[in-house]
Every structure is written in C-alpha cells, then in structure tokens.
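[1] Dropping a prediction and its sequence here:
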There are 2 protein chains.
Amino acid sequence: MQHNHISTQFDAQLEQVRNAVLHMGGAVEDQLSLAVQALESGDMLLIDQVLQVEHQVNSMEIEIDELCTNVIARRTPTAIDLRVLTMVVKTSTDLERVGDEAKKIALMAREFYKSGNRDMPRYAEIRRISAIVIDMLRQSLDGFARLDAEVAPVIARRDLEVDDAFQAILRDLLTRMMEDPRAISATLDIIFIAKALERAGDHAKNISEYVVYMIKGKDVRHLNADEIEQAVNS
Amino acid sequence: MQHNHISTQFDAQLEQVRNAVLHMGGAVEDQLSLAVQALESGDMLLIDQVLQVEHQVNSMEIEIDELCTNVIARRTPTAIDLRVLTMVVKTSTDLERVGDEAKKIALMAREFYKSGNRDMPRYAEIRRISAIVIDMLRQSLDGFARLDAEVAPVIARRDLEVDDAFQAILRDLLTRMMEDPRAISATLDIIFIAKALERAGDHAKNISEYVVYMIKGKDVRHLNADEIEQAVNS
C-alpha cells in the first residue's frame, strides 16, 4: 500500500527527480569504469575524461537537490514526500562521493605511471573488485528506480564479497611489501586504490539502504544481510 | 537579509533541529577523542565506549532527519526551509560518517594491541592530527549553530594542514616500512588510522560548506580556501 502510494507520487511528479538520479548514477558508473581502465594503461586521455566527468557529477548533485526541493516546494508536501526528499538528498551525496573515489583512482593511476612504474601488480583482482562494485552500484540504482527494497540484502551480501576480496588483496600485498621493500611505495598505492573501490561499494550499499528506508521506513544501515532481508520481507 | 530570514526561522521553529545537530556533533567529537585516546593505551573500556556511542550516533542521524521532516511538514515550507532541510540531512550524514571513522579507529586500536604490539609509533603525530580534526569539527558545528559562513575558508585552510600532516606521516611511515619489513603490517594500521582522521576532517569541511550553501546559496565544495573566502564575502 505504502509502496504504491510512494510509487504513484513518484510516477506523477517526482519522475524528473528520479531520472536525474539515474542519470547521475550512470555518469558515476562510467567514471568508475574509466578510472579502473586507466589503471591498466595509465592512459592520460582516460584520466582527463574521469576528471571532466567529475565536474559534471559535482554539479549534478546540486541540481538534483535543487530539483527535488523545487518539486516539493510546489506541492503541499506530505511526510512521505519529505522522506523521499531526504533519501534522494542522501543518495546524491553518496553518488558524488563515488565520483570522488573515481577521481582519486584516476589521480593515483597518473601518479603510478608518472613515477615510472610499468605494470600494475594485482590489476586482475582490482578489476574484479571494480566489476562487483560497479554492479552493486547498478543494482542499487535499479532498486531506487523500481522502488524495490529487495535489492538491499543482495547488495549487502555482495558488499561482504568486496570486503573479503579487499582483505585478500591486502594480505597478498603485505607479503609483497615484505619480500620487496623497494616496491612498498607502489604497493601502497594499490592498497589505496583497492580501498577506494571498497568505499565505492559502501556507497552503493548506502543507497540500497535508503531505498529500504524510503519504502519501509526502517533503518537497516547497521544490520547484516540476513537481518536486512528479514526487515525487507516483514 | 537572507541570513536574517533563515536565522529568524531557525530561531522560531527549527531550534530543536539545530540543538539535535549540535548534540550529535558533540557525541561524535567525544567519540573521535576517545578513539584516539584508545590508540595510546589500547584500553578496552575506552574502545567499548566508542562502540556504544556509535550506536547512539547512528540513531541520532535518523532522529534528526525525522525531526527535521516533521518540523517542516507542519509548516508551509518555503524554498529556504527545504534548502535548510537538505543541508541538515547532509550534515547528519557527514556526522554519522565521522562516527564510522571513530569506530574504525577504535577497532584498529583493539587489533593493534591484540596483535601484541606495545607502543604505537608516531602516536604524537596522530594525536596532533586528531586535535586539528576535532577542532575543525567544533568550528564547523559552531558555524552551523551561528549560521556563520565565514568559518568555511578557515576550515578549508586547516584541512590543508591535515592533508600536509597526513602526507608527512605517510612519507615517514614508508621509510619505516622499508627499514624494517617486519613492522610493515603494524605500520600499515597506523597509515589507515591517519587516513581515517583525514577523512573525518573532510567531513568537517563538508559541513562548513553546507552552511555556506544554506546561507549564500553557493556551492563552494570544489573551490580552494581563497575562492571560498571570496564567495563567502561577496
């Protein structure tokens, strides 16, 4: 019932806001994907592209927040409208932070190759983590678009996958550092890159949790995947 | 004029929201300060305390968002009301993330001492960074409380100080890792702790920038300190 109520309102008047969020989400996905591609090659054109998109993404956050307040200012907002506004504002912030992480990755790629390094160690694992994270982002935005709270436990489980992959890469890189102290600095860069991806995954998780809050009015942010599943289905 | 307009509204009806944000800010400051104390000693009681406060902080975020929407739902909200709501929601998110960083620091302190380490290297520098960050947090909340946009350039400059201190500690710890490969794992923990503090500083900076947006309607998030100063004074 409540779901339909939000859904109808969304369909009628907040459609524009929804589209803007999805558009921003798409831009951020691209940015992250380009940044990770740049890691493989150090391609300066790709890096510049990530930085350009970052400017657009920053403006999109403000635009979404303003669009959202304008849409709501024109109606007699209900408590649910305001809850939707609240969650859209949080979503735009998380998307902008994903853009920040993509920017950091692009800048680290630049540094890495500028310092004369050639091949990025563990690139295959980095790429694997980034594929999961981009997928999480896509799923969370899909959940947002379809007002589907059920993606939240799915994403929470994938987030654990990312955390495990991060821990595995960390252990591996620690060993590498111990074996070859000259590689410490470059290896630390890769740790920071993996960490940036892990944080991007956290943002995707946050977005899926806002969807739950929007639809169910329940705060599931500090629950584990099983508990989230229970909350979503009850 | 606009400043007074917001101010009057705040004084009258959003006072409760303001107090809740300041209360949450105080809790987060305490949490960060306790977490850094725990780094020195590995005191499990302190660590537990940080984790307990974290639960409270998490609930405070939801409470603030709901309080804010309830206050606004009871009025005929103006565009400015909604802008205030938007910025309060962003502020509560950033405060909650500071709490997350404090929690991570506390958990890392626990790991560090549980792994049999005794003294934390570079604790003095970590403490120095944390003192600046806690101060930035206090200043940004003070700016929020007094609706004073002028703290933003001050905080942006202090954020550069934190970034420099982080880079210095990073260089120093890199050397340490190279000299003593057995210390790599413990040293990496300290790098992550310094990084967590740096991120807490970023959140304080974000908050001061929301205040500028609230009062001036200008997005200064991606400007440098001088540009922020100019934007605030024009």
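    Structure received.

[2] Between helix B:79-114 and the strand or helix carrying A:Leu95, find me the angle.
    In the assignment (DSSP states H and E), A:Leu95 maps to helix A:79-114. Orientation check (axes from the mean of the first three to the mean of the last three C-alpha atoms, to 10 degrees): helix A:79-114 against helix B:79-114 gives 50 degrees.

[3] How far off centre is helix A:79-114?
    6 Å (C-alpha atoms, centre = their mean, to the nearest Å).

[4] what does chain A have sitting close to chain B?
    A:55, A:58-59, A:62, A:65, A:68-70, A:72-73, A:76-79, A:82-83, A:85-86, A:89-90, A:93, A:174, A:177-178, A:181-182, A:184-185, A:188, A:191, A:219, A:221-222 (C-beta under 8 Å from any C-beta of the partner chain). Glycine gets a C-beta too; all of them are placed from N, C-alpha and C.

[5] In helices, which of those residues appear?
    A:55, A:58-59, A:62, A:65, A:68-70, A:72-73, A:79, A:82-83, A:85-86, A:89-90, A:93, A:174, A:177-178, A:184-185, A:188, A:191 (DSSP state H).

[6] any idea how far A:Met60 is from the nearest residue to A:Lys195 once chain neighbours are set aside?
    The shortest distance from A:Lys195 to any non-neighbouring residue, by C-beta to C-beta, 6 or more residues apart in numbering or on different chains, is to A:Phe166 (7.1 Å). Between A:Phe166 and A:Met60 the computed distance is 28 Å (C-beta to C-beta, to the nearest Å).

[7] higher neighbour count, these two?
    Neighbours were counted for A:Phe166 and for A:Met60 using other C-beta atoms under 10 Å in any protein chain shown; A:Met60 has more, 23 against 19.

[8] check which helix or strand covers the nearest residue to the more buried one once chain neighbours are set aside.
    Once flanking residues are discounted, A:Met60 sits nearest to A:Met24: 4.3 Å by C-beta to C-beta, 6+ apart. In this assignment (DSSP H and E), A:Met24 forms part of helix A:15-41.

[9] Could you do A:Glu209 as well?
    helix A:184-216.

[10] Tell me which residues of the helix holding A:Met24 come out buried.
    By 16 or more other C-beta atoms under 10 Å in any protein chain shown, the buried positions in helix A:15-41 come out as A:17-18, A:20-21, A:24-25, A:27-39.

[11] Show me what that helix is packed up against.
    helix A:44-73, helix A:79-114, helix A:123-145, helix A:184-216 (3 or more C-beta pairs under 8 Å, 6 or more residues apart in numbering or on different chains; DSSP states H and E).

[12] how about a cut-off of 7 Å?
    With contacts defined as 3 or more C-beta pairs under 7 Å, 6 or more residues apart in numbering or on different chains; DSSP states H and E, helix A:15-41 has these neighbours: helix A:44-73, helix A:79-114, helix A:123-145.

[13] Please identify the deepest-packed of the ones you listed.
    helix A:79-114 (a mean of 22; mean count of other C-beta atoms under 10 Å in any protein chain shown).

[14] Give me the angle between that helix and helix B:184-216.
    Going by the same axes, to 10 degrees, helix A:79-114 makes 130 degrees with helix B:184-216.

[15] Run the angle between the helix holding A:Leu95 and helix A:15-41 for me.
    Going by the same axes, to 10 degrees, helix A:79-114 makes 20 degrees with helix A:15-41.

[16] so where's chain A shaky on pLDDT?
    A:1-13 (pLDDT under 70).

[17] can you do 50?
    A:1 (pLDDT under 50).

[18] just to revisit the earlier point, for the residue nearest to A:Met60, give its distance to A:Glu63.
    8 Å.

[19] And for A:Val36?
    For A:Val36, the distance to A:Glu63 - C-beta to C-beta - is 26 Å.

[20] what does A:Gln52 give?
    17 Å.

[21] Likewise for A:Asp159?
    28 Å.

[22] Please apply the same query to A:Glu227.
    A:Glu227 is 35 Å from A:Glu63, by C-beta to C-beta.

[23] OK, contacts around the residue located most distally from the centre of chain A?
    The centre of chain A is farthest from one residue, A:Glu179, which by C-alpha atoms, centre = their mean lies 34.0 Å away. Going by C-beta atoms under 7 Å, 6 or more residues apart in numbering or on different chains, A:Glu179 touches no other residue.

[24] for A:Leu160, same thing?
    So A:Leu160 contacts A:Ala225 (C-beta under 7 Å, 6+ apart).

[25] Equivalent analysis for A:Ala79, please.
    Shown in contact with A:Ala79 (C-beta under 7 Å, 6+ apart): B:69, B:73.

[26] Could I have the CA atoms of stretch A:125-145 written out in PDB?
    In PDB, the C-alpha atoms belonging to stretch A:125-145 read as follows (Å, rounded to 0.1, in the frame of the first residue of the first chain):
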ATOM      1  CA  GLU A 125      42.000  -8.500  -8.700                       C
ATOM      2  CA  ILE A 126      41.400  -4.800  -8.800                       C
ATOM      3  CA  ARG A 127      39.400  -5.200 -11.900                       C
ATOM      4  CA  ARG A 128      37.400  -8.000 -10.300                       C
ATOM      5  CA  ILE A 129      36.600  -5.900  -7.300                       C
ATOM      6  CA  SER A 130      35.600  -2.900  -9.500                       C
ATOM      7  CA  ALA A 131      33.300  -5.200 -11.600                       C
ATOM      8  CA  ILE A 132      31.500  -6.200  -8.400                       C
ATOM      9  CA  VAL A 133      31.300  -2.600  -7.200                       C
ATOM     10  CA  ILE A 134      30.000  -1.200 -10.500                       C
ATOM     11  CA  ASP A 135      27.400  -4.000 -10.500                       C
ATOM     12  CA  MET A 136      26.400  -3.100  -6.900                       C
ATOM     13  CA  LEU A 137      26.000   0.500  -8.000                       C
ATOM     14  CA  ARG A 138      23.800  -0.500 -10.900                       C
ATOM     15  CA  GLN A 139      21.700  -2.800  -8.700                       C
ATOM     16  CA  SER A 140      21.200  -0.100  -6.000                       C
ATOM     17  CA  LEU A 141      20.100   2.400  -8.600                       C
ATOM     18  CA  ASP A 142      17.900  -0.100 -10.200                       C
ATOM     19  CA  GLY A 143      16.300  -0.700  -6.700                       C
ATOM     20  CA  PHE A 144      15.900   3.100  -6.400                       C
ATOM     21  CA  ALA A 145      14.300   3.300  -9.900                       C
END
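
[27] Other residues contacting it?
    Contacts for stretch A:125-145 (C-beta under 7 Å, 6+ apart): A:18, A:21-22, A:25, A:28-29, A:32-33, A:36, A:39, A:91, A:98, A:151-152, A:154-155, A:158-159, A:161-162, A:165-166, A:169, A:190, A:193-194, A:197, A:200-201, A:204-205, A:207-208, A:211.
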